[in-house]
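[1] structure for the following, please:
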Amino acid sequence: MLHTRWTEILEKHAGCVAMSHAGIPNDTQTWTFSELDTQAKIKASDLAKDRPEYVIAHADHADFLPTILAGWKAEIPVLLLETSHCQPLPIRSAIPEGTVIIKQACGATGLERSLFLGASQILAEAERNIQGLGLRPDCRGLAAISLAHTYGFGCLALPVILGGIPIEIQPSPMPMFIQQSLEKEGAVFLPGVPTLWKTWWLTKAINSQKISLAISAGAPLPLDLETNVWDETGLKIHNFYGTSETGAIAFDHSATPRTDAALLGGILPGVEIEIVSFNGSDDRILVHTNAIALGADTLQRDEELTTSAYLTMDQGHVKDGSLFWNNHIGAAINVAGRKVSPAKVQRVCESMPGVLAADVQGKRSRDPERFEEVSIRVTLDDRTDLKSLKNWAYQNLESWEVPRHWKVT
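    Prediction:
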């Protein structure tokens with residue numbers, strides 16, 4: 001199904017630029033859709049010989065998209081990882097038949113696990129994002145966020161290979177790279193998280209005349225930030241909401257800033273929302289869509305995931321076709337749009353000799369764009385100091401997972 005869709009895109013856009021990336025080994029640092037297909041065929045040929053259980057696509061490599069296409073062509077699941085130094089989590093269950101994409105991340109419950117998605121789910125997610133956000137081939141996506149993150153994968157990677165919408169992949173989200181991209185010809189759509197939008201705004205990196213669509217997701221978008229950007233630049237930042245398990249759920253189509261910080265946006269076509277009570281928690285958002293994952297290899301009893309519905313860890317309400325967010329009750333810590341597993345941080349810290357115990361919690365940040373921060377209380381033996389433990393954490397955790405607040409007991 002997916003490879004057939006790709007061949008249709010290829011026939012229509014063969015000679016057009018599909019992606020630009022500093023790692024592409026040619027003078028223009030770009031691949032056309034035809035060249036992207038050539039790279040995929042080379043990889044698919046190797047995969048057909050080896051037949052691994054799955055193939056890994058690293059989002060920091062230029063061959064991220066060719067690897068995905070190769071996996072689809074060879075009918076081998078593709079596991080998405082953010083960087084080449086990331087180690088895949090062990091997959092604790094059998095990979096369901098029909099799996100084409102495997103996502104590995106900290107779930108809303110705070111547990112690290114694998115999510116399995118089939119072809120129909122991936123196609124539904126791509127179509128919902130392309131149509132719901134109004135993406136089009138004459139407006140390139142500016143990838144300043146990870147393509148392996150659910151947000152970037154759905155809004156940037158899938159539209160290229162299933163919608164013919166070009167992408168420009170940035171070496172980092174630093175303002176200078178955004179400014180350089182906006183100086184080029186053509187309009188762009190730019191997905192970001194609140195902390196990035198704040199940085200781009202304060203450094204005057206954004207140009208409302210070149211950005212046709214600005215999207216924010218991953219963490220609540222503060223009204224002050226949305227209003228300040230609008231007042232100074234005329235750029236409307238559109239709130240976007242989804243989950244790894246369901247893909248896109250709601251999108252704020254309004255042309256002017258919101259007046260209610262709880263508004264996530266209008267419920268997208270093909271998505272149905274119920275507000276339910278479960279295990280003593282009222283107002284849980286239950287999502288029905290055709291893009292729900294086939295399953296996950298680690299679930300808690302209070303996390304319901306079926307092929308037709310997903311019970312989120314968010315509380316909210318629906319009014320006039322729009323979804324509003326009230327609270328989050330999961331154990332995951334949302335650090336600037338990144339989900340952090342308290343269990344992982346605890347495990348890593350307690351693996352250092354001399355650390356007797358570690359208790360990890362989320363703490364609401366004074367910076368509303370960051371939303372939460374990681375706080376840890378540790379018990380150390382007499383031979384271990386906090387400085388050594390902090391160095392250990394930086395060596396064994398991603399930068400956004402490292403605690404900001406430390407206390408020794």
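[2] run through who's touching the helix or strand of the chain with the lowest mean pLDDT.
    Within the chain, no helix or strand scores below strand 295-296, which has a mean of 88 by mean pLDDT, DSSP states H and E. The contact list for strand 295-296, computed with CB atoms under 8 Å, 6 or more residues apart in numbering, reads 93, 96, 107, 113-116, 245, 305, 307. (Each C-beta comes from the backbone N, C-alpha and C, glycine too.)
[3] let's see which of the residues you listed end up in strands.
    Counted as lying in strands by DSSP state E, out of the contacts of strand 295-296, are 113-116.
[4] tell me the contacts of residue 130?
    Taking CB under 8 Å, 6+ apart as the contact definition, residue 130 lies against 159, 162-163, 165.
[5] give me that answer again for 10 Å
    Residues in contact with residue 130 (CB atoms under 10 Å, 6 or more residues apart in numbering) are 136, 154-155, 158-159, 162-165.
[6] rewinding a little: for PyMOL, what selects the buried ones among the ones in strands among the contacts of strand 295-296?
    Filtering the ones in strands among the contacts of strand 295-296 down to the buried ones (16 or more other CB atoms under 10 Å) takes a single PyMOL command:
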select buried, resi 113+114+115+116
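[7] could I get the ones in strands among the contacts of strand 295-296 as JSON lines with pLDDT and distance to residue 216?
    Formatted as JSON lines, the ones in strands among the contacts of strand 295-296 follow (pLDDT from 0 to 100; distance: CB to CB, whole Å):
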{"residue": "113", "pLDDT": "88", "distance to residue 216": "26"}
{"residue": "114", "pLDDT": "93", "distance to residue 216": "27"}
{"residue": "115", "pLDDT": "94", "distance to residue 216": "23"}
{"residue": "116", "pLDDT": "95", "distance to residue 216": "28"}
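[8] before we move on, back to that, and which of the contacts of strand 295-296 is nearest to residue 375?
    Using CB to CB, residue 107 is the member of those that sits closest to residue 375, with 20.2 Å.
[9] what about that closest one, neighbour count?
    Neighbourhood size, residue 107 [other CB atoms under 10 Å]: 26.
[10] that one and residue 100: what is the separation?
    The gap separating residue 107 from residue 100 is 20 Å, by CB to CB, to the nearest Å.
[11] what's the answer for residue 271, then?
    For residue 271 relative to residue 100 (CB to CB), the value is 21 Å.
[12] try residue 339
    23 Å.
[13] just residue 347 next, same as before
    Note on residue 347: its distance to residue 100, by CB to CB, is 30 Å.
[14] again with residue 127
    Distance of residue 127 to residue 100, given as CB to CB: 15 Å.
[15] hang on, the earlier thing: so which of the contacts of residue 130 is surrounded by the most neighbours?
    Highest count within these by other CB under 10 Å belongs to residue 155, 29 neighbours.
[16] skipping its backbone neighbours, what lies nearest residue 5 in space?
    residue 162 (5.4 Å; CB to CB, 6 or more residues apart in numbering).
[17] can you check residue 304 too?
    Leaving aside its chain neighbours, residue 304 sits nearest to residue 311 (4.0 Å; criterion: CB to CB, 6+ apart).
[18] report the beta-bridge partner residues of the one you found.
    According to DSSP bridges, the residues that bridge with residue 311 are residue 286.
[19] tell me the contacts of it?
    Counting by CB under 10 Å, 6+ apart, residue 311 makes contact with 108, 245, 274, 276, 278-279, 281, 284-287, 302-305.
[20] rerun that using 6 Å as the cut-off
    By CB atoms under 6 Å, 6 or more residues apart in numbering, the contact list for residue 311 reads 284, 286, 304.
[21] of the residues you listed, just say which sits nearest to residue 238.
    residue 286 (24.2 Å).
[22] how about the closest one, what does it touch?
    By CB under 6 Å, 6+ apart, the residues touching residue 286 are 274, 276, 309, 311.
[23] for residue 142, same thing?
    Shown in contact with residue 142 (CB under 6 Å, 6+ apart): 168, 181, 188, 190.
[24] element containing the first one, please.
    Assigned by DSSP states H and E, residue 168 belongs to strand 167-169.
[25] outside of the next helix or strand after that strand itself, list whatever touches it.
    Sequence order places helix 175-182 as the next helix or strand after strand 167-169, per DSSP H and E. Residues outside helix 175-182 that contact it (CB under 6 Å, 6+ apart): 142, 168, 170, 200, 203, 205, 207, 210.
[26] first-to-last residue distance for stretch 143-158?
    End-to-end distance of stretch 143-158 (CA to CA, to the nearest Å): 12 Å.
[27] in the stretch 201-350 of the chain, which ranges drop under the pLDDT threshold?
    Judged by pLDDT under 70, the stretch 201-350 of the chain has its weakly predicted residues at 298-303.
[28] that one: strands as residue ranges?
    211-216, 237-243, 247-251, 263-267, 272-278, 281-288, 295-296, 310-319, 322-328, 333-335, 338-340 (DSSP state E, counting those that start in this stretch).
[29] before we move on, the earlier item: buried ones among the contacts of residue 286?
    Buried subset of those (neighbour count, 16+ other CB under 10 Å): 309, 311.
[30] which parts of stretch 316-328 are buried?
    Buried residues in stretch 316-328, counting neighbours by 16+ other CB under 10 Å, are found at 316, 322-325, 328.
[31] more neighbours: which of residue 347 and residue 100?
    Just comparing residue 347 and residue 100: by other CB under 10 Å the higher neighbour count belongs to residue 100, 23 against 14.
[32] for the more buried one, give its distance to residue 75.
    Going from residue 100 to residue 75 by CB to CB gives 8 Å.
[33] just residue 230 next, same as before
    To residue 75, residue 230 is 47 Å away according to CB to CB.
[34] also residue 118?
    12 Å.
[35] between those two, which has more neighbouring residues?
    Legend: neighbour count by other CB under 10 Å for residue 118 and residue 75, higher for residue 118 (23 against 14).
[36] now stretch 193-212: how far from the chain's centre is it?
    Mean-position distance between stretch 193-212 and its chain equals 19 Å (CA atoms, centre = their mean, to the nearest Å).
[37] got it, and stretch 395-409?
    That offset, for stretch 395-409, works out to 22 Å (CA atoms, centre = their mean).
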